[in-house]
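# Fold the following for me, if possible:
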Amino acid sequence: MPILNRAAEMQDEVAGWRQHLHQTPELNFDVFKTAAFVTEKLKAFGCDDVVTGLGKTGVVGIIRGRQGEGPTIGLRADMDALPLNEISGKPYASTIPGKMHACGHDGHTAMLLGAAKYLAETRNFTGSVAVIFQPAEEGGGGGNEMVKDGMMERFDISRVFGMHNMPGLPVGQFAIRPGPIMAATAEFTITVRGKGGHAAMPHGTIDPIVITSQLVGALQTIASRSTDPVEAVVVSVTKFHAGDAYNIIPETAEIAGTVRTLRKEIAKKSEERIRSICDGLATAFGARVEVDYQANYPVTFNHAEETVFAGDIAMSVAGDAHVHRGIQPVMGGEDFSYMLEARPGAFIFIGNGDTAGLHHPAYDFNDEVIPHGMSYWVKLAETALAA
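Down below sits the predicted model:
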């Protein structure tokens, strides 16, 4: 089955919503204008209930089917943007310096709004659909906050589904896999405290820059020498700060970075190895090394039955040849993981075509994706809640 005719007809309208959101990006939990826009649309569509303030600034709309009582499924989109200056050159580019929709959350929100409008008009299902619009996916854990606010219990959500665009995957194609599809994330900050002094007399110092430089290399052995080669782990140092003058060895140096894994056991071992390496270098050089390690999002883990179901729905929209059911996991993080820990469900990628990559200042969501994403949401809801 191809995309829905109604979804194709609504493309320009939904693209208009998307481009409006693109011009007015908001960060983290401070998505007040975006949430207000979503709330206004859901009420205008005739949703039976529209609840705001979940997970601080999240919004949930409830659409009840015309065919009687039944379960409730959740469909989720994210609303927040990123702290970047946009260079896309689009006429609807961000009007707010230092903020832009560089991950396509404007498109995710618009597609789910389009699906909500269609479902509120037709109501061709039994039970209810909860359309979930969450804040703070980009590091704030808004999905976790909505779960902790009791969203699943309040609306009696039995299964939950998410979707994210993927640059490089052609428009009209989908990609999914059972089990881990996106990585658990962690962040670390390591401070090396040595003994400063004159750069011309290094023998009287404990040089934190030399120690920290060795530490950067040593951390790479976690993946190359401490982890089974068939396991996935990424340890990336992304910051290095030390010193203020060319002739002074500083007292301290600091690095920071991220760890990405697909299994809890590997995540635990990676943290242990970071601490062990730091302790060893501290002893070897007579310095103090302090580790601040923060586990962040858990693994985004697709449930087996729901993954098959989501793949079948995608196939009904795109055709079997355009649904990739065994993609490699992505080592980026995603806070839909919290919702998948709370309820069975599945997370799927939808093709964004040949565009700039996610989190790039030239990125833009491809509006040609809209009817494909809308059709996926509608068919998923109607099939999951068929009489």
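# and His108, how many neighbours?
28 (other Cβ atoms under 10 Å). (Each C-beta comes from the backbone N, C-alpha and C, glycine too.)
# Ignore what I typed, I meant Gly46.
Neighbour tally, Gly46, other Cβ under 10 Å: 14.
# Tell me the predicted confidence for the closest residue in space to it that isn't next to it in sequence.
Excluding its sequence neighbours, the residue lying closest to Gly46 (Cβ to Cβ, 6 or more residues apart in numbering) is Ala120, at 5.0 Å. In the predicted model, Ala120 carries a pLDDT score of 98.
# for Ala120, helix, strand, or coil?
helix (DSSP: H, G, I helix; E, B strand; the rest coil).
# Let me see the domain layout of the chain.
What automatic domain parsing lists as the domains of the chain is 5-182+299-384, 184-295.
# Buried deepest among these, which one?
Highest mean neighbour count of the domains of the chain: domain 5-182+299-384, a mean of 21 (counted as mean count of other Cβ atoms under 10 Å).
# roughly how far is that domain from the heart of the chain?
11 Å (Cα atoms, centre = their mean, to the nearest Å).
# max-length helix in this protein?
Taking DSSP state H as the criterion, the chain has its longest helix at helix 264-285.
# immediately after that one, which helix or strand?
Once helix 264-285 ends, the next helix or strand along the chain (criterion: DSSP states H and E) is strand 288-295.
# So which residues lie in contact with the next helix or strand after that following strand, not counting its own?
Using DSSP H and E, the helix or strand that directly follows strand 288-295 along the chain is strand 300-302. Outside strand 300-302, the residues that touch it by Cβ atoms under 8 Å, 6 or more residues apart in numbering are 176-183, 333-334, 336-337, 340-341, 345-347.
# So which of the residues you listed are in strands?
Secondary structure assignment by DSSP state E places 179-182, 345-347 of these in strands.
# now for this protein, which residue lies nearest the mean position of the chain?
Centroid-nearest residue in the chain: Glu334, 3.2 Å away (criterion: Cα atoms, centre = their mean).
# can you pull the contacts of it?
By Cβ under 8 Å, 6+ apart, the neighbours of Glu334 are 137, 162, 164, 182, 297, 300, 347.
# which SS state does Ala44 fall under?
Assignment for Ala44 (three-state DSSP): helix.
# As a check, name the ranges of all strands in the stretch 1-150 of the chain.
Using DSSP state E, counting those that start in this stretch, the strands of the stretch 1-150 of the chain run over residues 49-54, 58-64, 72-78, 128-134.
# Turn the ones you listed into a markdown table, columns for mean pLDDT and distance to Gly357.
As requested, the strands of the stretch 1-150 of the chain are arranged in a markdown table below (pLDDT from 0 to 100; distance: least, Cβ to Cβ, whole Å):
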| stretch | mean pLDDT | distance to Gly357 |
| --- | --- | --- |
| strand 49-54 | 98 | 31 |
| strand 58-64 | 98 | 27 |
| strand 72-78 | 98 | 17 |
| strand 128-134 | 98 | 23 |
